[in-house]
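Novice: missing the sequence, but the structure's below:
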């Protein structure tokens, strides 16, 4: 955790903010390992006497969630996972754990997102076939959204659901202010933090089944000193006011429990005149969101015939829907940017991502 980000963004206790509706600063109370202003291991604590919840900093990433006990019990594997094993030993463990295991699921997620985020920099990545998968879809959708905003963005930027982190580097290249990446996936945040601190990308690239090839290559991060990554829940963020000039929520809407709340979250984070980019393929799943919470994708007998796009547009248009967000105005949208996720050597998911850009009212 970079002290620069902590001091500038002034996080508050997420449990007090979400649970009791009070804003309480958190303090850096223990530093166990630090290098050049980057706290790699330590403890943050709520300063409210009635709470005093402690938040660990592990591998440079603070974990700022309201329910620490529940989160740690669910994230035990990635929290304690080793990163010093050889490819051969890791492969043996993968064979023993087998398909569908928590270990295999973790590696699949890393392979999916790290490939899209970083494979364009990998000298060993095969040239894409004529109709083969191409990395960079998430970056392309972000670029489309920023183009719709049309510039004029000042102030820190936050990447909600940052996954393995490449978009934070993209945002840092487009601004001279701080950039923060937020995600609940510990394994992906750890990978992002490793890229940040070492300048190298290291991830398991799935070949087939439970067979993975280790990829390791350099990434030049010229603005790395302005980037940080925290573990946090976008629906329970540790911020009290509107510290950001830009909010990016790339392919996140269909991955959270309350999608319709996300525009309001963005509005609460933005300074007046700030911009927000939302992208989504509307790939709804009951494992992530109860059907009642989907933005479209059901109730085809209704006025919108189950379509997601017009409902999402209405949420960003004040007065167009009972859940429309006040203070955030849609300024443009793109119907479909290509986003390809490589499952393995012979399988790819291909999405057409809806991109929307909005501005906070001045």
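Specialist: Yes, it's here. Remember, it's a predicted structure, so these values are computed and weren't measured experimentally. Numbering: from 1, shown residues only.

Novice: so where's the longest helix in the protein?
Specialist: When the chain is parsed with DSSP state H, its longest helix is helix 102-118.

Novice: which outside residues touch the very next helix or strand once past that one?
Specialist: Note on helix 102-118: by DSSP states H and E, the next helix or strand toward the C-terminus is helix 137-149. Residues outside helix 137-149 that contact it (CB atoms under 8 Å, 6 or more residues apart in numbering) are 116-117, 153, 163, 166-167, 170-171, 174, 248, 250-251, 275, 277-279, 331-334, 337-341, 351, 353, 355-357, 359. Glycine gets a C-beta too; all of them are placed from N, C-alpha and C.

Novice: how far does helix 137-149 sit from the chain's center?
Specialist: Helix 137-149 sits 15 Å away from the centroid of its parent chain (CA atoms, centre = their mean, to the nearest Å).

Novice: where do the strands sit along the protein?
Specialist: 26-35, 38-46, 54-58, 61-64, 157-160, 179-183, 200-208, 211-218, 227-232, 244-250, 270-280, 328-344, 347-360 (DSSP state E).

Novice: closest one to residue 83 among these?
Specialist: Evaluated with CB to CB, those place strand 200-208 nearest to residue 83, the distance being 7.8 Å.

Novice: coming back round to it: what lies in contact with the longest helix of the chain?
Specialist: 77-78, 81, 93-94, 97-98, 135-139, 163-167, 185, 187-188, 191, 195, 201, 203-206, 210, 212, 215, 217, 219, 339-343.

Novice: do the same with stretch 308-315
Specialist: 253, 260, 263, 278, 280, 282, 294-297, 304, 320-321, 323-325, 330, 333, 335, 354, 356.

Novice: repeat for stretch 69-79
Specialist: Residues contacting stretch 69-79 (CB under 8 Å, 6+ apart): 58, 63, 65, 102-103, 106, 185-187, 190.

Novice: which of the residues you listed tops the neighbour count?
Specialist: Sorting the contacts of stretch 69-79 by how many neighbours each has (other CB atoms under 10 Å) puts residue 186 first, at 24 neighbours.

Novice: confidence score at that residue?
Specialist: Residue 186 carries a pLDDT score of 98 in this model.

Novice: I'd say it and residue 231 touch.
Specialist: Yes. At 6.0 Å, residue 186 counts as touching residue 231 under the criterion of CB atoms under 8 Å.

Novice: what do these two both touch?
Specialist: 61, 63.

Novice: just give me the neighbour total for the nearest residue to residue 246 once chain neighbours are set aside.
Specialist: Leaving aside its sequence neighbours, residue 246 sits nearest to residue 157 (CB to CB, 6 or more residues apart in numbering; 4.0 Å). Neighbourhood size, residue 157 [other CB under 10 Å]: 28.

Novice: so which residue is smack in the middle of this structure?
Specialist: residue 161 (1.7 Å; CA atoms, centre = their mean).

Novice: residue 192 is in contact with that one, correct?
Specialist: No. Residue 161 is beyond contact range of residue 192, at 11.9 Å (criterion: CB under 8 Å).

Novice: what touches both of those two?
Specialist: With CB under 8 Å, 6+ apart, residue 161 and residue 192 have common neighbours residue 183.

Novice: and residue 74, how many residues sit next to it?
Specialist: By other CB under 10 Å, neighbour count at residue 74 equals 13.

Novice: and the pLDDT for it?
Specialist: 95.

Novice: which segments of this structure make up each domain?
Specialist: Domains of the chain are assigned by automatic domain parsing as 3-74, 87-360.

Novice: so of the ones you listed, which one's packed in deepest?
Specialist: When you average the neighbours per residue for each of the domains of the chain (mean count of other CB atoms under 10 Å), domain 87-360 leads with a mean of 19.

Novice: for that domain, measure first residue to last.
Specialist: End-to-end distance for domain 87-360, by CA to CA, to the nearest Å: 47 Å.

Novice: that one: how far from the chain's middle?
Specialist: So, by CA atoms, centre = their mean, the centroid of domain 87-360 is 5 Å from its chain's centroid.

Novice: same check, this time on stretch 33-46
Specialist: On CA atoms, centre = their mean, the centre of stretch 33-46 falls 22 Å from that of its chain.
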